[in-house]
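Asker: Model the structure of this input:
(one chain, ligands or ions: 2)
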Amino acid sequence: MCPAQLGFKSLPRRHIPSQKTFIGSEAFYFVKSGDDIAIKTNDLTKIFLRRNSLMSRLKKKKKIEVRAVDGIDLEVHERELFGLLGPNGAGKTSLIKLLSTLLLPDKGTASVNGWDIEKNSFEVRMSIGLTLSSERQLYWKLSAQENLEYFASLYLLRPSEIRQRVEDTLELLGIADQRDMLIENFSSGNRQKVALARALLNDPPILFLDEPTIGLDPSFSKGFRKLIKDRINKSESKTILLTTHYMDEADQLCNRIAFINEGRIVALDTPRNLKRSIDEKEIITLNLTKASDAMVSELERLEPIHSIERYVQDDSNFMKIYTDSASSCIQDIFGILIKHGSHATYYRTSKPTLEDVFIKITGSGLDG
Ligand SMILES: Nc1ncnc2c1ncn2[C@@H]1O[C@H](COP(=O)(O)OP(=O)(O)OP(=O)(O)O)[C@@H](O)[C@H]1O
Ligand SMILES: [Mg+2]
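Answerer: Residues are numbered from 1 along each chain as shown. Ligands and ions are numbered 1, 2, ... in the order given. Take a look at the predicted model:
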């Protein structure tokens, strides 16, 4: 992830100061694509061959092919805060790893900040900051400042620039007073802030944030999201591609969202337009003791009901009833439940959420 690790001694210098995107060393200029597209993918595909168990290998069974990223076409605009929303295993992290050059694609192309991810992987790396939730990103036995100074030094900055960048990122993220604390003593929330500081050290125009608030408590997450949106995206004008399976996070933060499922983009729009794509104005959610096909057919015949989705979560039968007006059909619904020997242990009416849109499109929820 750094010039020294990659064995680069120097880069071709591009004399286009107005398009300089790498702040710090005067030596490097990275040219943008010229249009306002920060990230572009075309039929991007990553296929993993999953290793079989010992028994399957002895039986010479074929390896299972997993299309983690399956023909993704995507354009993210400069300064956009773009969300990839999908359940576990949807391919979100794999897509981020492809775009940050940690994985090579099996098919298709992509450019980041105008640079091709295969032909110009070094320039891509210098144009981005990355946080990966699944990996340990800091040295726990070093302090925040020591970590940041170490990672900044990998960008071949001058000592004075290193000090300045570390100072700037500590201040930006509000952790300057904890600079001397060992990472192992940080709360998980503040540790995530140091990881974000690390991603900002090279002042990249583009940030990839993989599940930035996973495992953080709700009140810390709220502040952290505000920091991402107000300070990093708006004030610092960074393009951000983040992954999440929290629909509230995507709804609050993102200018646009792509729903991703089984490696494919199944819908892409603003949160508002995605929610508008559900015609129905109200959704009745029920947790039922049982749900027979005959009962569902009878419910579907009720006039105000547009459609019904059934799903099982934690061994419970859930039903979502999409309607124009809950009050006009709720009595009839409960009548039909009683007739079929079922009753609701939980009942709620709500406006459509992103999760409802996701369920309508894919037939399953964001928790898979
Ligand atoms: N190195 C690998 N080898 C084999 N299969 C892999 C590998 N990495 C990912 N996969 C598979 O690719 C698919 C997509 O995984 P990925 O981690 O990209 O999903 P995700 O959307 O980030 O999920 P999560 O929300 O759980 O982080 C999954 O089926 C996963 O098992
Ligand atoms: Mg992931």
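Asker: ok, the closest residue to Ala176 other than its chain neighbours - contacts?
Answerer: The shortest distance from Ala176 to any residue other than its chain neighbours is 4.2 Å, reached at Leu170 (CB to CB, 6 or more residues apart in numbering). Yep, even glycine has a C-beta here, placed from its N, CA and C like the rest. Applying CB atoms under 8 Å, 6 or more residues apart in numbering, we find Leu170 in contact with Ala144, Gln145, Leu148, Ala176, Arg179, Ala197.
Asker: Ramachandran coordinates for whichever residue of the stretch 51-200 of the chain sits closest to ligand 2?
Answerer: The nearest approach of the stretch 51-200 of the chain to ligand 2 comes at Thr93, 3.1 Å away (CB to the ion). Comment: the main-chain dihedrals of Thr93 come out as phi -70, psi -40, following degrees, to the nearest 10.
Asker: can you pull the contacts of it?
Answerer: When the contact criterion is CB under 8 Å, 6+ apart, the partners of Thr93 are Leu132, Ser134, Asp210, Glu211, Thr243.
Asker: Make sure Ile278 is indeed in a helix.
Answerer: No: applying DSSP: H, G, I helix; E, B strand; the rest coil, one finds Ile278 to be coil, outside a helix.
Asker: Quick check, it in contact with Ile359.
Answerer: No: in terms of CB atoms under 8 Å, Ile278 does not count as a neighbour of Ile359; the distance is 9.9 Å.
Asker: residue ranges with poor pLDDT in the chain?
Answerer: Regions of the chain meeting the criterion pLDDT under 70 cover residues 1-34, 52, 57, 279-280, 368.
Asker: So which residues of it form helices?
Answerer: Counting by DSSP state H, residue ranges of the helices within the chain are 3-6, 54-58, 92-99, 121-127, 144-153, 159-172, 188-200, 218-226, 247-253, 271-276, 293-300, 330-339, 354-362.
Asker: ok so, going back, of the contacts of Thr93, which belong to strands?
Answerer: Among those, the members falling in strands (DSSP state E) are Leu132, Asp210, Thr243.
Asker: Top of these by number of neighbours, please.
Answerer: Neighbour counts for these peak at Thr243, which has 26 neighbours (criterion: other CB atoms under 10 Å).
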